[in-house]
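Participant: here is the input, now give the coordinates:
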Amino acid sequence: MLHLGLGAFHRAHQAVYLQRLIDAGDARWSISGANIRPDLPEVIAALQAQGGRYTLETVSPAGDYCYEPIDALREVLPWDPELTAVVARGAAPSTRIVSFTVTEAGYYLDARGRLDLGFAELVSDIDRARRGEAGSGGEGRGTTIYGAVTAILRARRAADAGPVTLLNCDNLRHNGDRFRAGLLEFVERAGDPGLLAWVQAHTTCPNAMVDRITPRAPAELRARVQAATGRDDAAAITAERFIQWVIEDRFVAGRPAWERVGVEMVDDVQPYEEAKIRLLNATHSCIAWAGTLVGLQFIHEGTHDAAIRQMAYDYVTDDAIPCLDRPGQPSPVDLPAYRDVVLDRFGNPAIRDTNQRVAMDGFSKIPGFIAPTVRERLAAGQGIDSVAMLPALFLAFLQRWHRGSLPYAYQDQGMDEAVAHAICDAAAPVAAMCADAGLWGDIAGDARLVDAMRRASGRVARFIQSRS
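Facilitator: Okay, the predicted model is just below:
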């Protein structure tokens with residue numbers, strides 16, 4: 001497997017499952033890892049110095065710590081603008097899966113699932129691919145996932161290296177289908193019909209759902225690992241004990257026997273995906289935005305705050321669960337039990353996951369995690385008071401960003417700063433936010449959404465005032 005995106009999540013999730021398979025005696029598969037941008041240079045250098053080995057610390061909600069060495073990452077590829085080593089590894093016949101971890105905003109998809117050509121880096125990658133450049137003039141292969149994967153597939157086709165599975169490992173809804181649509185559009189815009197036909201015939205893109213809370217490693221982690229294991233590990237990571245991976249079994253060139261180590265291989269990932277996105281991801285954002293607004297730093301602090309926990313609980317119970325478990329269409333997931341497990345996980349004080357990390361990318365999370373529940377509730381003629389609290393919290397959060405009064409730097413790959421400032425500067429910010437088609441799609445401007453958001457914003461203001 002070639003994995004693109006050597007952040008903490010991949011190393012706490014996909015690499016761990018492969019490690020379990022290796023430990024069970026099946027060592028047929030290993031991971032080559034790389035970044036497609038010059039990110040995390042210190043981590044990459046540490047992994048290279050350690051031969052790809054690192055330590056995973058996991059912590060249960062009860063405060064039980066465990067440490068395990070991970071060496072499934074057998075090759076850490078160097079970064080250069082031309083992605084020379086990445087493309088070569090991806091084009092090798094022995095590479096059967098190219099997987100990747102990308103944030104929701106990193107897919108550059110608009111509300112219709114088409115490529116959003118408002119992003120300069122995406123347009124530049126399309127132009128480079130159209131010219132067939134391999135990094136001439138120092139421009140590189142590209143910085144988007146589509147530019148990198150297209151370069152790999154172009155080289156793979158030229159080498160007659162055979163079919164390959166492209167596997168998403170992130171929170172984008174219908175991630176395999178949507179990535180595939182974006183990739184095919186990218187190749188088509190690059191003007192390479194031969195490659196387009198090859199990709200359609202020789203690749204598959206399974207949908208998948210991933211889950212494990214993996215915070216940024218705290219400064220004291222290295223010393224903690226050394227005290228517990230005797231290893232001085234500059235690339236150690238920490239995560240919660242819980243782990244889950246659900247994948248549609250559509251692999252064109254073989255795959256590890258992941259089902260032996262707890263991966264759920266299914267025909268349709270959608271019900272698992274929807275449960276996770278709506279009950280976990282949206283709730284996570286709710287707690288991060290609310291916690292930030294009342295001066296909290298960590299997710300567990302907000303989860304143990306009675307008012308914030310009630311907001312999250314009510315959103316899930318009143319609006320999300322009824323969308324996912326309808327008469328005649330029961331969910332295969334025990335949703336009330338899943339809700340309670342999620343809140344227990346978020347309340348784990350040892351994880352120390354920051355509101356800053358979870359609050360990021362609101363302009364992608366509103367349309368991806370929250371708007372579907374609003375849309376489905378309105379279509380059924382049902383109320384949206386509980387789910388409306390989430391975008392109302394984000395608007396209050398965004399207004400703090402607009403005024404420069406957030407306690408940390410806010411990162412949002414999907415945000416057009418001019419649009420965000422205009423929403424906050426509007427005479428009626430609630431109406432302006434509800435009118436944004438990028439956030440709401442076909443329900444933008446719906447009077448019922450505006451009304452519910454106004455009432456929710458009043459509740460948010462009273463919540464904040466009660467803590468001042």
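
Participant: can you tell me the helix or strand for the residue nearest to Glu259 when sequence neighbours are not counted?
Facilitator: Using CB to CB, 6 or more residues apart in numbering and skipping residues adjacent in sequence, the residue nearest Glu259 is Met265, 5.0 Å away. For the C-beta atoms, the positions are set from N, CA and C on the backbone; glycine is no exception. For Met265, the host element (DSSP states H and E) is strand 264-266.

Participant: what's the local residue count around the residue nearest to Glu259?
Facilitator: Other residues within reach of Met265, judged by other CB atoms under 10 Å, total 17.

Participant: next one: it from Val98, what distance?
Facilitator: 19 Å (CB to CB, to the nearest Å).

Participant: circling back to that earlier point, for the residue nearest to Glu259, give the beta-bridge partners.
Facilitator: Counting by DSSP bridges, Met265 is bridged to Ile247.

Participant: ok, now which ones touch it?
Facilitator: By CB atoms under 8 Å, 6 or more residues apart in numbering, the contact set of Met265 is Ile247, Glu248, Asp249, Trp258, Glu259.

Participant: give me the pLDDT for the second one.
Facilitator: According to the per-residue confidence, Glu248 scores 97 in pLDDT.

Participant: so who does the closest residue to Ala253 other than its chain neighbours touch?
Facilitator: Counting by CB to CB, 6+ apart, Ala253 lies nearest to Arg96, which is 4.1 Å off, once chain neighbours are set aside. Contact partners of Arg96, counting by CB under 8 Å, 6+ apart, are Met1, Val164, Thr165, Phe251, Ala253, Gly254, Arg255.

Participant: picking that back up, so how far is the strand holding Met265 off the chain centroid?
Facilitator: 20 Å (CA atoms, centre = their mean, to the nearest Å).

Participant: helix or strand right after that strand?
Facilitator: helix 270-275.

Participant: and after that next one, which helix or strand comes next?
Facilitator: helix 282-293.

Participant: now pLDDT and neighbour count too, for the contacts of Arg96, in JSON lines please.
Facilitator: Compiled in JSON lines, the contacts of Arg96 are given as follows (pLDDT from 0 to 100; neighbours: other CB atoms under 10 Å):
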{"residue": "Met1", "pLDDT": "98", "neighbour count": "21"}
{"residue": "Val164", "pLDDT": "98", "neighbour count": "25"}
{"residue": "Thr165", "pLDDT": "98", "neighbour count": "20"}
{"residue": "Phe251", "pLDDT": "98", "neighbour count": "18"}
{"residue": "Ala253", "pLDDT": "98", "neighbour count": "16"}
{"residue": "Gly254", "pLDDT": "98", "neighbour count": "11"}
{"residue": "Arg255", "pLDDT": "98", "neighbour count": "20"}
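
Participant: among these, name the ones in strands.
Facilitator: Val164, Thr165 (DSSP state E).

Participant: out of the contacts of Arg96, who's nearest Asp436?
Facilitator: Thr165 (36.1 Å; CB to CB).

Participant: residue contacts, the closest one?
Facilitator: Contacts of Thr165 (CB under 8 Å, 6+ apart): Arg96, Ile97, Val98, Thr203, Thr204, Cys205, Pro206, Arg250, Phe251, Val252, Ala253, Arg255.

Participant: do the same with His10
Facilitator: Going by CB under 8 Å, 6+ apart, His10 touches His3, Gly33, Thr101, Cys169.

Participant: and the last one, what pLDDT?
Facilitator: The predicted local distance difference test score for Cys169 is 95.

Participant: the residue nearest to it when sequence neighbours are not counted: neighbour count?
Facilitator: Nearest residue to Cys169 in three dimensions, chain neighbours excluded: Thr101, at 4.8 Å (CB to CB, 6+ apart). The number of residues packed near Thr101 is 22, by other CB under 10 Å.

Participant: next one: the one 10 residues further on
Facilitator: The burial metric for Ala111, expressed as a neighbour count using other CB under 10 Å, is 15.

Participant: and the one 3 residues further on, by the same measure?
Facilitator: Here the number of neighbours of Arg114 (other CB under 10 Å) works out to 12.

Participant: and if you look at Asp64?
Facilitator: 10.

Participant: go on, Arg467?
Facilitator: The number of residues packed near Arg467 is 11, by other CB under 10 Å.

Participant: does it touch Gly291 like I think?
Facilitator: No. Shown here, Arg467 and Gly291 do not form a contact pair, counting by CB atoms under 8 Å, at 10.7 Å.
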